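A.B. asks: The following comprises the amino acid sequence and a computationally predicted model.
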Amino acid sequence: MAVQAVATARQSVSLYPSLHLQFNCEIEAHGKGLQGDLRDFKFPQLSTSRRERRNRHCCPRLIRAAVSGNAISTSGASRKLSDTPEIPKTDVVVIGAGIGGLCCAALLAKYGYKVVVCESHDIAGGAGHAFERQGFQFDSGPSFHAGLSIKPSINPLKQVLDAIGEKVECVQYKNWIGYLPEGTFKFTANKDAYEAEIRRVGGARAASEWRELEDKMEPLARAAMALPAAALRPDPAVVFTAGRFLPQLLPFLPATKDMLSPFSGIVNQVVKDPFLKQLIDLECFVLSGLLADSTITAEMVTMFKERHREGGSIDYPLGGGGSIIEALVRGLEKYGGRLLLNTHVDEILLEGGRAVGIRVRPTRGTNKTPYTIRAPKAVISNASTWDTAKLLPNGALPAQSYINRANVTEKTDSFMHLHLGIDAMGLPSDLECHHFVLHDWKRGVGAPQNVCLVSIPTVFDPSLAPEGCHVVHAYTAGNEPYSIWKGMDRKSPEYAALKEERSEVLWQTLEKVIPDIRDRVKLKLVGTPLTHERYLRRSEGTYGPAIRAGRDTFPGAASEIPGLLCCGDSTMPGIGVPAVAASGMITANSLVPVWQHWALLDSLDVAAA
């Protein structure tokens with residue numbers, strides 16, 4: 001069924017939505033004092049004072065659980081960890097407070113369910129959480145977003161925020177800089193500017209072939225964008241909720257047959273120029289973690305369409321990426337949902353082969369006695385497929401079927417990270433926020449450490465750092481092998497030495513943007529695959545599943561186990577902030593009757609683009 005194919009393929013993606021994973025870095029603080037005057041920033045968008053901006057926007061501080069009985073504040077609700085009562089029963093329990101889990105939980109609370117979210121970490125947000133060190137506010141997760149400032153928006157995250165009545169204030173911008181072997185490449189959220197840059201760097205042939213590819217992508221993009229993610233649900237009732245958008249889908253139905261195919265299928269029809277082919281592989285890799293021959297067509301055509309639409313721009317949330325998490329938590333709690341931080345899930349409880357609840361273990365506070373939360377409506381896992389499998393009993397069906405599937409699911413690689421606090425004195429006032437470097441085409445786009453990315457969010461929001469300073473995040477793009485780190489003692493000299501060795505490529509990347517950056521450092525935090533594995537509880541610190549288009553598809557919300565649903569980057573539509581938001585929305589919609597889902601759509605302005 002063509003409509004269903006579009007529905008499953010539907011991925012409203014923003015620009016490079018998920019190149020980052022949440023983590024707590026091990027810290028090396030330089031013994032330099034914070035000094036120097038703030039350089040002459042020019043921010044016409046930001047009229048409020050620095051202190052007002054910090055108070056209004058640095059909200060991730062409000063959703064971090066402090067140590068041992070200190071107050072937790074989420075959306076203004078303060079409570080003692082030791083005073084938090086056990087919750088023996090709820091309608092739905094969600095494992096993990098990542099973006100997908102919070103979207104799902106907030107929507108279910110909006111729908112009227114009693115919802116509890118259990119998060120092992122002391123900070124909500126999963127891949128999108130923010131953290132502070134010595135006055136520097138860091139994004140540990142996504143920093144590229146699109147469609148958060150417009151309405152209607154095709155971004156599923158914006159659709160969730162609208163549904164729960166929450167807003168994230170953003171700065172809009174258009175440019176980011178690539179450093180390629182050919183020289184600099186200025187990426188712009190503008191169709192004509194992107195083609196002009198392809199012509200400047202790659203030549204007339206590359207530009208001509210790009211125009212042909214755009215023509216090929218147009219009906220595919222229109223088909224992919226014809227169904228708002230908010231209309232989707234993983235059951236036959238999707239005929240009714242998605243059917244209301246059928247008139248705008250019908251003209252593009254023939255294009256839907258290619259939606260789940262590898263993007264290389266249409267690329268190879270028109271693109272022969274070597275530079276353009278490599279550039280497209282790069283665009284695919286920084287979005288999906290895979291090359292064009294393994295990235296689904298729907299993902300890429302939607303991204304290009306959204307990025308290059310008239311008036312297109314990229315969004316950076318004021319207060320950092322944690323502002324998004326705070327908005328989702330506000331929505332969850334506004335409708336009566338509960339977020340339990342420092343609450344580790346040890347086991348998914350099965351009775352008669354059905355998931356009926358979870359066994360949790362508090363990790364902070366005076367009472368660390370394990371207890372059970374029963375959830376007769378559903379248990380929803382926002383953990384990765386491999387980490388969900390660890391919570392299930394071995395040997396008995398249907399749990400073993402899930403475990404077997406997880407065991408054969410291929411993983412993408414992990415990350416190296418540098419989070420830096422630097423002296424901003426003397427840096428140019430027109431410094432761009434986002435940069436990336438591809439070191440060598442010959443090594444292959446996906447080769448270890450070949451693609452590195454940089455974010456400097458204080459370009460837009462100086463309140464994220466002490467005066468006169470910048471926040472900098474540099475990271476390898478999901479291309480750091482776990483194998484070289486496996487089994488290392490994180491306290492050993494060998495581990496410290498390997499951290500220095502494997503982070504050197506990030507310093508070299510940063511020197512293309514700020515040549516004297518090593519002399520400017522006041523705070524340095526280094527993250528490795530072991531950091532991801534430990535703090536994110538992600539198997540081997542992986543970026544996510546390496547589900548290759550044309551060979552396999554992401555599983556849907558339903559699992560092999562009755563009563564156990566899933567959302568997040570191991571679930572259709574896959575990796576990426578909009579994708580995981582869509583998965584959370586789809587999973588939530590699956591638990592409500594059609595009339596209630598329909599009423600939600602009536603309340604939203606979700607006309608497809």
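C.D. replies: That came in fine, so what should we check first?

A.B. asks: right, and A292 touches C284 too?
C.D. replies: Yes: between A292 and C284 there is a contact under CB atoms under 8 Å: 4.7 Å. (Glycine included, C-beta is placed from N, CA and C.)

A.B. asks: any common contacting residues for these two?
C.D. replies: Shared contacts of A292 and C284 (CB atoms under 8 Å, 6 or more residues apart in numbering): 263, 300.

A.B. asks: what pLDDT does D569 get?
C.D. replies: With respect to pLDDT, D569 scores 92.

A.B. asks: what about it, which SS state?
C.D. replies: With DSSP: H, G, I helix; E, B strand; the rest coil as the basis, D569 sits in coil.

A.B. asks: quick one, what contacts it?
C.D. replies: 18, 100, 127, 384, 544-545, 575-576, 579-580, 583.

A.B. asks: same thing but at 6 Å, please
C.D. replies: Taking CB atoms under 6 Å, 6 or more residues apart in numbering, we find D569 in contact with 544, 575, 580.

A.B. asks: I422 versus I373, what's the distance?
C.D. replies: Computed as CB to CB, to the nearest Å, the I373 to I422 distance reads 44 Å.

A.B. asks: between these two, which one's more packed in?
C.D. replies: Shown here are I373 and I422; by other CB atoms under 10 Å, I422 has more neighbours (27 against 21).

A.B. asks: for the more buried one, phi and psi?
C.D. replies: Dihedral pair for I422: phi -130, psi 160, per degrees, to the nearest 10.

A.B. asks: Need the pLDDT of the closest residue in space to it that isn't next to it in sequence.
C.D. replies: The shortest distance from I422 to any residue other than its chain neighbours is 4.1 Å, reached at R520 (CB to CB, 6 or more residues apart in numbering). At R520, the pLDDT value in this model is 98.

A.B. asks: what's the neighbour count on R520?
C.D. replies: 22.

A.B. asks: ok, back up a step: which one of the contacts of D569 is nearest A221?
C.D. replies: Using CB to CB, I575 comes nearest to A221 of the contacts of D569, at 19.6 Å.

A.B. asks: Would you confirm that that closest one contacts P545?
C.D. replies: No: contact criterion CB atoms under 6 Å: I575 and P545 do not qualify, at 7.5 Å.

A.B. asks: more crowded one of those two?
C.D. replies: A count of neighbours by other CB under 10 Å puts I575 above the other of I575 and P545, at 28 against 23.

A.B. asks: measure the more buried one to S603 for me?
C.D. replies: For I575, the distance to S603 - CB to CB - is 29 Å.

A.B. asks: Checking my notes, I87 in a helix, right?
C.D. replies: No: read with three-state DSSP, I87 is coil and lies in no helix.

A.B. asks: Show the contacting residues for it.
C.D. replies: Contacts of I87 (CB under 6 Å, 6+ apart): 116, 373.

A.B. asks: ditto for F187
C.D. replies: F187 touches 176, 178, counting by CB under 6 Å, 6+ apart.

A.B. asks: mind listing what the host helix or strand of it pairs with, with the direction of each?
C.D. replies: Applying DSSP states H and E as the criterion places F187 in strand 183-188. Paired with strand 183-188 in the same sheet, following DSSP bridges, are strand 175-180 (antiparallel).

A.B. asks: chain center to the strand it pairs with, what's the gap?
C.D. replies: Computed by CA atoms, centre = their mean, to the nearest Å, the chain-centroid distance of strand 175-180 equals 21 Å.

A.B. asks: residues in contact with that strand?
C.D. replies: Contacting residues not belonging to strand 175-180 are listed as 185, 187-188, 432, 434-438, 512 [CB under 6 Å, 6+ apart].

A.B. asks: change it to 8 Å
C.D. replies: 184-189, 201, 314, 432-438, 441, 509, 512-513.

A.B. asks: got it, and stretch 496-509?
C.D. replies: By CB under 8 Å, 6+ apart, stretch 496-509 touches 26, 179, 416-418, 435, 437, 439, 449, 452-454, 474-476, 480, 484-485, 488, 517-518, 526, 528.

A.B. asks: In the chain, what helix or strand scores lowest on average pLDDT?
C.D. replies: strand 77-80 (a mean of 33; mean pLDDT, DSSP states H and E).

A.B. asks: That one: what's the following helix or strand?
C.D. replies: Next element after strand 77-80 (DSSP H and E): strand 92-95.

A.B. asks: so where is the protein shaky, pLDDT-wise?
C.D. replies: In the predicted model, the chain carries pLDDT under 70 at residues 1-85, 606-609.

A.B. asks: okay, now the domains of it?
C.D. replies: Following automatic domain parsing, one gets these domains for the chain: 2-12+188-312, 26-41+412-541, 61-167+317-411+554-603.

A.B. asks: Most tightly packed of the ones you listed?
C.D. replies: domain 61-167+317-411+554-603 (a mean of 22; mean count of other CB atoms under 10 Å).

A.B. asks: I'd assumed P398 was in contact with E560.
C.D. replies: Yes: counting by CB under 8 Å, E560 does reach P398; the two are 4.5 Å apart.

A.B. asks: re the thing from before, among the contacts of stretch 496-509, which are in helices?
C.D. replies: Among the contacts of stretch 496-509, the members falling in helices (DSSP state H) are 517-518.

A.B. asks: just to revisit the earlier point, next, format the domains of the chain as a markdown table and append distance to K174.
C.D. replies: Output for those, formatted as a markdown table (distance: least, CB to CB, whole Å):
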| stretch | distance to K174 |
| --- | --- |
| domain 2-12+188-312 | 5 |
| domain 26-41+412-541 | 10 |
| domain 61-167+317-411+554-603 | 11 |
